[in-house]
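[1] Take this sequence and fold it.
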Amino acid sequence: MARPPAVPARPRCPPARGFRAPAGPGGGASPGTTPAKCRAEPGHTARAAGLQELWRDPGGHPQNGRMSTYLAFLRAINLGAKRVFPKDEIRRAVESVGFEDVATHINTGNVRFTTRMRSRGRIEDALERAFFENRGFPVPTIVFRADEFADLAAAAREVSAARPDAARHYVYLLKDELPDDVIAQVEATSGPAGEMIVRGRAVHALLGPGYQNGTVDPLQAAKLLGVATNRNLTVVNALVDRWC
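    Numbering: from 1, shown residues only. Sure thing, here's the model as predicted:
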């Protein structure tokens, strides 16, 4: 009896530039086949179809190929003659590390951008290096994904609605969440001048009437927050409407 004809080998995706195939069977490639073409060829296996293109961040770390939107908040800029950082220069610095779709809002250091990077810490490091190279002074930077910031803003509106007597609502944006003992210390600063409420990487300062006549931090809580910057609720809502 004659043997049946041999079945031709299925095409395999090549590890093109910026693309890492998994180790083991199925990770090979047929010459001249790009990942996009390979996924369209008949008989392509589910394993190969699940391969993802990986890109490298400015530090050389592989990252998922999809773009995500982030918001960055710069601390303590444009408050005096020595820490001036114009919006055009902020955009130029953010673009210098390969981030895209860069936009700014007002002069307090609010930036939106997209990137394939996924590590918040590495994104913050890349921005802080770029800002230092541009300005010559350190600019601490706090980053949120757009969906994280939308959730933060929704929580801020709930906090504000529950305290309609507050004269002013500031939202402190934190680089890192606070440990439980520090949260207790922050919330213990609440008193006649206002209230401090911690929600993840946001701390809500709800100030009572007459806050304009006091100090910038009437509850003396900001020193407990680590690296942080604040925006009032009006700005937070405007950023969500624009970018989230």
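[2] what are the ranges of the strands in this protein?
    Counting by DSSP state E, the chain has strands at residues 54-56, 62-64, 68-74, 100-104, 110-115, 141-145, 168-174, 194-199, 202-207, 228-232.
[3] out of those, which comes closest to Ile123?
    With CB to CB, the closest approach to Ile123 among the strands of the chain belongs to strand 141-145: 5.2 Å. Every C-beta, even on glycine, is put in place using the N, C-alpha and C of the backbone.
[4] starting at the chain centroid, how far to that closest one?
    Here strand 141-145 is found 4 Å from its chain centre; the criterion is CA atoms, centre = their mean, to the nearest Å.
[5] By mean pLDDT, show me the worst of the strands of the chain.
    Ranked on mean pLDDT, the bottom entry among those is strand 54-56, at a mean of 49.
[6] returning to what we had before: just name the most buried of the strands of the chain.
    A comparison of the strands of the chain by mean neighbour count, using mean count of other CB atoms under 10 Å, puts strand 202-207 on top with a mean of 23.
[7] Parallel or antiparallel, which strands does it pair with?
    strand 168-174 (antiparallel), strand 194-199 (antiparallel) (DSSP bridges).
[8] export those to TSV and tack on distance to Thr234?
    Output for the strands paired with strand 202-207, formatted as TSV (distance: least, CB to CB, whole Å):
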stretch	distance to Thr234
strand 168-174	9
strand 194-199	17
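[9] and Val84, which of those is closest to it?
    So among those, strand 168-174 is nearest, using CB to CB, at 21.4 Å.
[10] Give me the contacts around the closest one.
    Under the contact criterion CB atoms under 8 Å, 6 or more residues apart in numbering, strand 168-174 has outside partners 73, 142, 144, 152, 156, 159-160, 201-207, 211, 222, 225-233, 236.
[11] What of stretch 85-102?
    The contact list for stretch 85-102 (CB under 8 Å, 6+ apart) reads 57-58, 67, 69, 72, 74, 77-78, 103-104, 107, 109, 111-115, 126-127, 129-131, 133-135, 139.
[12] cutoff 7 Å now
    Applying CB atoms under 7 Å, 6 or more residues apart in numbering, the contact partners of stretch 85-102 are 58, 74, 77-78, 104, 107, 109, 111, 113-115, 126-127, 130-131, 134-135, 139.
[13] how about the residue most central in space within the chain, what does it touch?
    Among the residues of the chain, Phe144 comes closest to the average C-alpha position under CA atoms, centre = their mean, at 3.2 Å. By CB under 7 Å, 6+ apart, the residues touching Phe144 are Tyr70, Leu71, Leu152.
[14] same question, Arg157
    Contacts of Arg157 by CB under 7 Å, 6+ apart: none found.
[15] Relative to Asp176, how far out is it?
    Distance, Arg157 to Asp176, using CB to CB, to the nearest Å: 24 Å.
[16] Where does pLDDT dip in the chain?
    Residues of the chain that meet the criterion pLDDT under 70 lie in 1-64, 212-215.
[17] go with 90
    Applying pLDDT under 90 to the chain picks out residues 1-65, 79-82, 192-193, 208-218.
[18] Domains in it, by residue range?
    Residue ranges for each domain of the chain read 64-146, 148-243, as given by automatic domain parsing.
[19] and Lys87, how many neighbours?
    By other CB atoms under 10 Å, 16 other residues sit near Lys87.
[20] Next: the one 5 residues further on.
    In terms of burial, Arg92 registers 13 neighbours under the definition other CB under 10 Å.
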